[in-house]
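Asker: here is a sequence with its predicted model. Questions after.
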Number of protein chains: 2
Amino acid sequence: MEVGFQADGVSSTEGRDVFDSDCPARTVLDKLTSRWGVLILASLRDGPLRFHALRDGIGGISEKMLSQNLRTFTSYGLTERTVEPTTPPKVSYSLTPMGMEVAERLHGLLEWVSVNTEEIVKFQSRR
Amino acid sequence: MEVGFQADGVSSTEGRDVFDSDCPARTVLDKLTSRWGVLILASLRDGPLRFHALRDGIGGISEKMLSQNLRTFTSYGLTERTVEPTTPPKVSYSLTPMGMEVAERLHGLLEWVSVNTEEIVKFQSRR
């Protein structure tokens, strides 16, 4: 399986394979940019968090969706689950170095959205 | 309506409002990171494209989904629709300066996914 940049696509620098619906890169992209994926990974950018702290920080997320996403990202090697042997055990999640790379990129996107949403809302209301 | 960074959230630098399910920033984020939004905006990064060229470059997208997304992004001020008065008229789409800003960030994410999908797939298969 070859994954990587292809020079002959829509754009030589965009990683054409994400544009191919059969490429595993499309699946990865879909998971990272899923409704909750972006917010979960970005939340962990500043350090490890326990499950409930993650849930409380992301408005509207259910425990089921949080669990599912964390399982996926852990299976991708982007997050790590740590269990402290206390009673009851404390479970926390952190980013791996690879997870941190993607979290940085998602952070750039969130930052842009936070700064520009007001302008977008104003633009819409003028139409 | 106040939109922007909040200093007292999960993270002081992440634009806390996207973490609030009631904030318009969450809606904007959801549209930008929708299944097709990322690929449409990134496709336009290298220059204007006609509707069918956009559709053909994004594997699996339907004309309906492409139209809906382009309408949303045009209403956000991120894309522009240009009609050349030929017979038949040629309709093309391009990024506005604000759209280019977000496309640059999405490009960074796509680039990362293209480069790292192989490692993610390998990691999954070792588990």
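Answerer: It's in.
Asker: from now on I want contacts and neighbour counts done on CA atoms only, so please keep to that.
Answerer: Will do.
Asker: which residue is the nearest non-sequential neighbour of the residue nearest the centre of chain A?
Answerer: Central residue of chain A (C-alpha atoms, centre = their mean): A:Val38, 3.3 Å from the mean position. Spatial nearest neighbour of A:Val38, chain neighbours left out: A:Leu32 (5.9 Å); criterion: C-alpha to C-alpha, 6 or more residues apart in numbering or on different chains.
Asker: is it true that the one you found touches A:Leu39?
Answerer: No. Counting by C-alpha atoms under 8 Å, A:Leu39 is not a contact partner of A:Leu32; they are 9.4 Å apart.
Asker: got phi/psi on the residue nearest to A:Val38?
Answerer: phi -70, psi -40 (degrees, to the nearest 10).
Asker: the residue nearest to the centre of chain A: what's it in contact with?
Answerer: A:Val38 makes contacts with A:Leu32, A:Ala103, A:Leu106, as judged by C-alpha atoms under 8 Å, 6 or more residues apart in numbering or on different chains.
Asker: which element, helix or strand, includes it?
Answerer: A:Val38 is located in helix A:37-43, with elements delineated by DSSP states H and E.
Asker: what about that helix, distance to the chain center?
Answerer: Here the centre of helix A:37-43 is set off from its chain's centre by 4 Å, with C-alpha atoms, centre = their mean, to the nearest Å.
Asker: swap in stretch A:55-73?
Answerer: On C-alpha atoms, centre = their mean, the centre of stretch A:55-73 falls 11 Å from that of its chain.
Asker: show me what that stretch is in contact with.
Answerer: A:Trp36, A:Gly37, A:Leu39, A:Ile40, A:Ser43, A:Thr79, B:Gly9, B:Val10, B:Phe19, B:Asp20, B:Ser21.
Asker: identify the residues contacting the second one.
Answerer: If I follow you right, that is A:Gly37. Residues near A:Gly37 by C-alpha under 8 Å, 6+ apart: A:Lys31, A:Asn69.
Asker: ok, how many other residues are close to A:Ser125?
Answerer: Neighbourhood size, A:Ser125 [other C-alpha atoms under 10 Å in any protein chain shown]: 10.
Asker: in chain A, which spans are helices?
Answerer: Assigned by DSSP state H, chain A shows helices spanning A:24-32, A:37-43, A:51-57, A:63-75, A:97-126.
Asker: what would these look like in a markdown table with distance to B:Leu49?
Answerer: Output for the helices of chain A, formatted as a markdown table (distance: least, C-alpha to C-alpha, whole Å):
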| stretch | distance to B:Leu49 |
| --- | --- |
| helix A:24-32 | 22 |
| helix A:37-43 | 28 |
| helix A:51-57 | 39 |
| helix A:63-75 | 34 |
| helix A:97-126 | 23 |
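Asker: point out the most buried one among the ones you listed.
Answerer: helix A:37-43 (a mean of 24; mean count of other C-alpha atoms under 10 Å in any protein chain shown).
Asker: mind putting the helices of chain A in TSV, mean pLDDT included?
Answerer: TSV is the format used below for the helices of chain A (pLDDT from 0 to 100):
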stretch	mean pLDDT
helix A:24-32	94
helix A:37-43	96
helix A:51-57	95
helix A:63-75	97
helix A:97-126	94
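Asker: what sits in contact with each of A:Leu32 and A:Leu39?
Answerer: By C-alpha under 8 Å, 6+ apart, no residue touches both A:Leu32 and A:Leu39.
Asker: can you report how many residues neighbour A:Gly47?
Answerer: For A:Gly47, using other C-alpha under 10 Å, the count is 11.
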